[in-house]
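Undergrad: Give me a model of this one.
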Amino acid sequence: MDASSIGRVVRAAVAAAAMLIAASPVAVAGARPTAAKVPASRIVWLCRPGMRDDPCTVNPNATSIGPSGMPIPQPAVDADHPAFDCFYVYPTVVGGPALNAPLRIMPVLRDVAIEQASRFSQVCDVWAPVYRQVTTAGLVPSLTPGSRAWRIAYDGVRAAFNAFVAHDEGGRPIVFIGHSQGASMLIDLLRQEVDPTPALRAKMLSAILLGGNVQVPDGRILGATFKHLPLCVHPAQRGCVIAYSSFDQMPPPDSLFGIPGRGVSLLTGQRSSAGQQVACVNPARIHSAVPAPLEPYFATPNATATSAAWVTYPKLYTALCEHRDGITWLQVDDIAQPGDVRPVVEPTDGPAVGLHVYDVNLALGNLVSDVAQEELAYESG
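TA: As a prediction, the model looks like this:
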């Protein structure tokens, strides 16, 4: 499945979620349900080291396309025996009438793992559990306190993480990566398992939580969502969080993203908004006060479960974190000059959703580089 096909699946899920959340009058409690024990035999891995036809280890070679459309090969290689692990949780990509997705590997899961997670294999071993994610039909029920649909999904993620730490992680530093529902799952996981546990905090290299509405006190980098996990403020920082939601213009007052205590904040029980704002860390230049160039990567139509042809568009976009009227977002600007023939992403589900479906891929090169810099700093002591 190519980038546009995955985009259609994710856009459909996001659009359905937008309508459901907007229509729901449910009040949400701050606490999330306590996870139940899931047997190890019920853990299914979408990606893990040594797995045959692992969708998170496809060839990272790319083609760079300049303003004239001229292609330039951009070779790349996956890390050879990396000293770091990445724990990836995918976004909402499963529809249907059931409230929870089945516990099995489906083509759409392999496709989104290629599109969002596989390039991180250049800097880490990628682990990605299959989980019984909340489908679009289950999103409104998951807003209620103690939601069974959310608990089923979260239990699977938590069980996989605990099994990974107990049997496979071996004390190596961990990068957490999640988008949309995947980011929401990781927000709950980090709050319940990692944030209050010094030993696990010490293993966390960083967390990339995109489109999930991490919240912090106004003008601060720590507090609200997490007690001990600050936002990243410099490239070499350890144990910090990169979070944002991307838009090409200021989000409207009914946006699902960027507004504390509303929209996707409700999925993680974050209803508080007084004195808080949604976090934004610019992946293109951490803690930058000026626009910085994005490094987008998209898989082309001939991507498969074992290989992908990547395309990147240098000097096509810049990004800058913005905060205005209680809304925080990553402002993505198209800087193409007249005569630039390259395609440009646009919102497809209205201004309340913005560029959510492209949160990962618009900055995928930057995010991989951010992790690489964190690893270098870690290894340098």
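Undergrad: Now do the SS call for residue 186.
TA: Following DSSP: H, G, I helix; E, B strand; the rest coil, we place residue 186 in the helix state.
Undergrad: all numbers from here: first residue = 27
TA: Renumbered: residue one is now 27, and that last one reads residue 212.
Undergrad: Next one, pLDDT for it please.
TA: In this model, residue 212 is scored at 98, pLDDT.
Undergrad: Phi first, then psi, for the closest residue to it other than its chain neighbours.
TA: With C-beta to C-beta, 6 or more residues apart in numbering as the criterion, residue 212 has its nearest non-adjacent residue at 4.0 Å, and that residue is residue 204. The C-beta positions use only the backbone N, C-alpha and C, and glycine is treated the same way. Per-residue torsions, residue 204: phi -150, psi 150 (degrees, to the nearest 10).
Undergrad: do you know how far residue 204 is from residue 296?
TA: 15 Å (C-beta to C-beta, to the nearest Å).
Undergrad: before we move on, what about residue 87?
TA: Residue 87 is 40 Å from residue 296, by C-beta to C-beta.
Undergrad: Break down the stretch 77-226 of the chain into its strands, ranges please.
TA: 88-91, 97-100, 111-115, 151-156, 200-205 (DSSP state E, counting those that start in this stretch).
Undergrad: Of these, which is nearest residue 344?
TA: strand 88-91 (17.3 Å; C-beta to C-beta).
Undergrad: picking up where we left off before, of residue 87 and residue 296, which one has the most company?
TA: residue 296 (27 against 14; other C-beta atoms under 10 Å).
Undergrad: was I right about that one contacting residue 287?
TA: Yes - counting by C-beta atoms under 8 Å, residue 287 is a contact partner of residue 296 at 6.2 Å.
Undergrad: any shared contact partners between those two?
TA: Common neighbours of residue 296 and residue 287 (criterion: C-beta atoms under 8 Å, 6 or more residues apart in numbering): residue 241.
Undergrad: In TSV: the strands of the stretch 77-226 of the chain, plus mean pLDDT and distance to residue 393.
TA: Shown next, in TSV, are the strands of the stretch 77-226 of the chain (pLDDT from 0 to 100; distance: least, C-beta to C-beta, whole Å):
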stretch	mean pLDDT	distance to residue 393
strand 88-91	94	15
strand 97-100	92	17
strand 111-115	98	11
strand 151-156	97	13
strand 200-205	98	8
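Undergrad: Indicate which one of the ones you listed is closest to residue 190.
TA: Nearest to residue 190, of those and by C-beta to C-beta, is strand 151-156 at 5.7 Å.
Undergrad: looking just at contacts, which helices and strands does that closest one meet?
TA: For strand 151-156, the packing partners by 3 or more C-beta pairs under 8 Å, 6 or more residues apart in numbering; DSSP states H and E come out as strand 70-73, strand 111-115, helix 174-193.
Undergrad: ok, 10 Å please
TA: strand 70-73, strand 111-115, helix 133-142, helix 174-193, strand 200-205 (3 or more C-beta pairs under 10 Å, 6 or more residues apart in numbering; DSSP states H and E).
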